[in-house]
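> What follows is a predicted structure for the sequence shown.
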Amino acid sequence: MRSLEAIGRARPIAMDWNADGGPATFLYTSDVVEAGSSYHARMFGGGWGVTEDPATGSAAAAFAGVTVAFDRPSDGQHVLTIEQGYEMGRPSLIALGLEVQNGELSSASIGGSAVIVSSGALEL
């Protein structure tokens, strides 16, 4: 997306986002809130029971391919920070590691911190 303002206005209303198994989308911009971040992202997945996700590691891992294809980082190792969840009051930072060889993605890794928001037990 073009800007933080544009990504902030995004709403999942154009399609039946809440249909079971309905579409999901990962939006991003290179405009960021935090100094040192590389991208600002939002993930909508109502059809999967998640209206908006504050941190989507699986999408960040897939985003490695997008980053290499469109931003063309130089050969070597890179660590990029993706900020997500800001619009919903749950800011998250995801570290995306890339290894680029001969202009192609050879490996990717994700990392970050987590906070337990709930727990439970099942007694049988």
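Received it, and whenever you're ready, just let me know what you need. Source: prediction; values computed, not measured.

> what's Glu83 in contact with, if anything?
Glu83 makes contact with 32-34, 37, 39-41, 91-94, according to C-beta atoms under 8 Å, 6 or more residues apart in numbering. From N, CA and C alone the C-beta is placed, and that goes for glycine too.

> now it, which residues is it bridged with?
Beta bridges link Glu83 to His40, Leu93 when assigned by DSSP bridges.

> Can you tell me how far it is from Thr51?
19 Å (C-beta to C-beta, to the nearest Å).

> of the contacts of Glu83, buried ones?
Taking 16 or more other C-beta atoms under 10 Å as the criterion, what is buried in the contacts of Glu83 is 32, 37, 39-41, 92-94.

> quick one: the helices in this structure?
For the chain, the helices defined by DSSP state H cover 4-9, 57-71.

> Does the first one pack against any helices or strands, and if so which?
Applying 3 or more C-beta pairs under 8 Å, 6 or more residues apart in numbering; DSSP states H and E, we find helix 4-9 packed against strand 25-29, strand 39-45.

> Tell me which other helices or strands the last one touches.
If I follow you right, that is strand 39-45. Partner elements for strand 39-45 (3+ C-beta pairs under 8 Å, 6+ apart): helix 4-9, strand 25-29, strand 50-53, helix 57-71, strand 76-84.

> go again using 7 Å as the cut-off
helix 4-9, strand 25-29, strand 50-53, strand 76-84 (3 or more C-beta pairs under 7 Å, 6 or more residues apart in numbering; DSSP states H and E).

> Glu99: neighbour count?
Look at Glu99: counted by other C-beta atoms under 10 Å, it has 17 neighbours.

> tell me which residues in stretch 101-108 are buried?
105, 108.

> Grab the CA positions of it and hand them over as PDB.
The C-alpha trace of stretch 101-108 is given here as PDB (Å, rounded to 0.1, in the frame of the first residue of the first chain):
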ATOM      1  CA  GLN A 101      22.300 -15.900  -2.900                       C
ATOM      2  CA  ASN A 102      22.700 -14.900  -6.500                       C
ATOM      3  CA  GLY A 103      19.700 -12.700  -6.300                       C
ATOM      4  CA  GLU A 104      17.400 -15.400  -5.000                       C
ATOM      5  CA  LEU A 105      16.000 -16.300  -1.600                       C
ATOM      6  CA  SER A 106      17.900 -19.300  -0.300                       C
ATOM      7  CA  SER A 107      16.400 -19.300   3.300                       C
ATOM      8  CA  ALA A 108      14.100 -17.300   5.500                       C
END
